[in-house]
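Engineer: How does the following fold in three dimensions:
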Amino acid sequence: MKVLGILGAHRADGVTAQLLQSVLKGAAASADTELVNLNDYELRPDHDSQPNADLDALEAKLMAADVWVLAAPTYLGSLSGVMKNFCDCFRGRIARFNSVGEAVPDRFKNKHYVTITDCYAGGIENYLTGVTDATFKTLDKFLTMGGLIKLREIVVTKTWGMQTITAAKQAECERVGARAAHKKERDDSTVKRYIQLFFMIAVMALLTMGIEAGIQQLIPLNNFWAYYGVFVVVFYVLLAMILHFFTVVKHRRR
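Structural biologist: Got it, this is the predicted structure:
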């Protein structure tokens, strides 16, 4: 098992780098680890079959690794330029493209990844406004295009003036690294997702029935269509809230 850390920050000793190093420290107990600083590479897109030694070197390292850990700060509400440049330049290699330009997962399919970011915003602000959302969405789009499987996100907020990460966050990163190092090459979450969906619907139906019972105390629902209509509306509202939470507010931002 090999875990590869990819640092896309301007500082090699900043908060972002410390988070990445902590994850790799946790993984090192049971796996080979390596840290790549993207600033050490002169990255440019592939053009007309011209040699691209730095991209070739990175591709070889990524191919040899089972787990990728990508760390980049959030600047101006989006992914740092260093990491974004890597994603842009490597876009043509992480997947193959069919005749209509659709990305098809290829040689990196079923590898795993962890994403890390940090920002100046406070925890409450980030939770409510999603300052780090764009960073994670960009990385997720890039990596899932290649068929990689996500393991975890790590976030640190309120980093203005911060010199070192807290002991609690370092411990969290080390735990994530240790767990990532034990991931199998391939996994299938289909059964797990169906089980989660079953319990989600069961809980939503129970809540809907409880809310409808309360509504019936105020507004009599004596015929089938009135009862059915209220049930559908309440169920839809609950479903929309849950889907919004798991697709927008799902990562741990504090």
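
Engineer: Let me know the secondary structure of the residue in the chain sticking out farthest from the centre.
Structural biologist: Here the chain reaches farthest from its C-alpha mean at N222, the gap being 47.6 Å by C-alpha atoms, centre = their mean. Under DSSP: H, G, I helix; E, B strand; the rest coil, the three-state class of N222 is coil.

Engineer: Can you read off the pLDDT for it?
Structural biologist: You'll see N222 listed with a pLDDT of 82.

Engineer: Equivalent analysis for F245, please.
Structural biologist: Among the per-residue scores, F245 holds a pLDDT of 70.

Engineer: residues making contact with stretch 201-213?
Structural biologist: Identification of contacts with stretch 201-213 by C-beta atoms under 8 Å, 6 or more residues apart in numbering yields L221, Y227, V230, F231, V234, F235, L238, L239, I242. Glycine gets a C-beta too; all of them are placed from N, C-alpha and C.

Engineer: With distance to L38, secondary structure and neighbour count as new columns, can those residues be given to me in CSV?
Structural biologist: Below are those laid out as CSV (distance: C-beta to C-beta, whole Å; DSSP: H, G, I helix; E, B strand; the rest coil; neighbours: other C-beta atoms under 10 Å):
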residue, distance to L38, secondary structure, neighbour count
L221, 61, coil, 16
Y227, 59, helix, 14
V230, 55, helix, 17
F231, 53, helix, 17
V234, 49, helix, 18
F235, 47, helix, 18
L238, 43, helix, 17
L239, 41, helix, 14
I242, 37, helix, 14
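
Engineer: Show me what counts as buried in the lengthiest helix in the chain.
Structural biologist: Counting residues, the longest helix found in the chain (DSSP state H) is helix 190-218. Using 16 or more other C-beta atoms under 10 Å as the test for burial, helix 190-218 gives M204, T208, I211, E212.

Engineer: Nearest to K169 among those?
Structural biologist: M204 (34.1 Å; C-beta to C-beta).
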